[in-house]
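> Sequence and predicted structure are below.
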Amino acid sequence: MTDGTFTVFLVDDDAGVLKAVSRLLRGRGYQVRPYASPREFLAHHDADLPGCAVLDVAMPDLDGLALQETLTTGGAHRPVIFITGKGDIPTSVRAMKAGAVDFLTKPVGDKVLLDAVSRAVHQDALLRKVHAEVAAIRAKVETLTPREREVLGHVVAGRLNKQIAGDLGTVEKTIKVHRSRMMEKLGVRTVADLVRLAERADILRETDSS
């Protein structure tokens, strides 16, 4: 049983499947939001809710794989479990490479589906933890002045204070001040920690392009 805070977004054009799976999951304490079509799901999907998506592979208009891609490209890294009426190895390989939790063949046994949803619970918690950490880092980066961001880019690139001063047309003492303030704002003490932080939030690329 769960505490009822995890939502399963169920998308299948088979009304019988929607009813049966919804009943099963609700009986185990999950919140369930059933949708008869991908478009209906996308129109009402709330990416902020902890949960996973259980998607039928073969659906009209937009199939399960396309729906998974739409979620990912839209920034909603929702754990996905696929269910299908026929075993299709190439399709299952594509789904798993795209990050699916599992690829199940109908009729899906209750335990098999519940085990997959349980794995999705853990994956969703991990994804949300990482997202929160990255958001916290990005919030700190936003407090940097334009010059401090420039210095950040040079420091993570391995440049020395003297070299950075030459690149930016200033004196080494000024760079030391910017560097000290930048690292203090980001909550790091060493260059190694700074590089790890920058890589974690993918701000190296952003700094290079700014």
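That came through fine.
> Let's verify the residue most central in space within the chain: helix, strand, or coil?
Centroid-nearest residue in the chain, with C-alpha atoms, centre = their mean: H77, separated by 3.7 Å. Classification of H77 using DSSP: H, G, I helix; E, B strand; the rest coil returns coil.
> Let me see the backbone angles for it.
phi -80, psi 70 (degrees, to the nearest 10).
> how much space between it and T190?
30 Å (C-beta to C-beta, to the nearest Å). Using the backbone N, CA and C atoms, a C-beta is placed for each residue, glycine as well.
> how about the residue of the chain most remote from its centre, what does it touch?
Farthest-out residue of the chain from its mean C-alpha position, per C-alpha atoms, centre = their mean: V171, at 41.7 Å. Each residue near V171 by C-beta atoms under 8 Å, 6 or more residues apart in numbering is listed here: A165.
> Need the residues that contact stretch 181-194.
Residues outside stretch 181-194 that contact it (C-beta under 8 Å, 6+ apart) are 137, 140-141, 143-144, 148-149, 151-152, 155-156, 197.
> where are the low-confidence patches of this protein?
For the chain, the stretches with pLDDT under 70 are 1-4, 87, 89, 204-210.
> now the strands for it?
All strands of the chain, identified by DSSP state E, fall at 7-11, 31-35, 51-56, 80-84, 102-105.
> list the helices and strands whichever helix in the chain runs longest packs on?
Determined from DSSP state H, the single longest helix within the chain is helix 110-141. In terms of contacts (3 or more C-beta pairs under 8 Å, 6 or more residues apart in numbering; DSSP states H and E), helix 110-141 is packed against helix 15-27, strand 51-56, strand 80-84, strand 102-105, helix 172-186, helix 191-200, helix 203-209.
> Between strand 51-56 and the first one, find me the angle.
Following axes from the mean of the first three to the mean of the last three C-alpha atoms, to 10 degrees, one obtains 150 degrees for the angle between helix 15-27 and strand 51-56.
> Give the other helices and strands that helix 15-27 contacts.
Using 3+ C-beta pairs under 8 Å, 6+ apart, the elements in contact with helix 15-27 are strand 7-11, strand 31-35, helix 110-141.
> Using CSV, please lay out those together with mean neighbour count and distance to I81.
Formatted as CSV, those follow (neighbours: other C-beta atoms under 10 Å; distance: least, C-beta to C-beta, whole Å):
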stretch, mean neighbour count, distance to I81
strand 7-11, 23, 9
strand 31-35, 18, 13
helix 110-141, 15, 5
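> mind putting those in a markdown table, distance to D167 included?
What follows is those, written out as a markdown table (distance: least, C-beta to C-beta, whole Å):
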| stretch | distance to D167 |
| --- | --- |
| strand 7-11 | 50 |
| strand 31-35 | 53 |
| helix 110-141 | 20 |
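> Among these, which comes closest to E69?
The closest of the helices and strands packed on helix 15-27 to E69 is strand 7-11. By C-beta to C-beta, the value is 14.0 Å.
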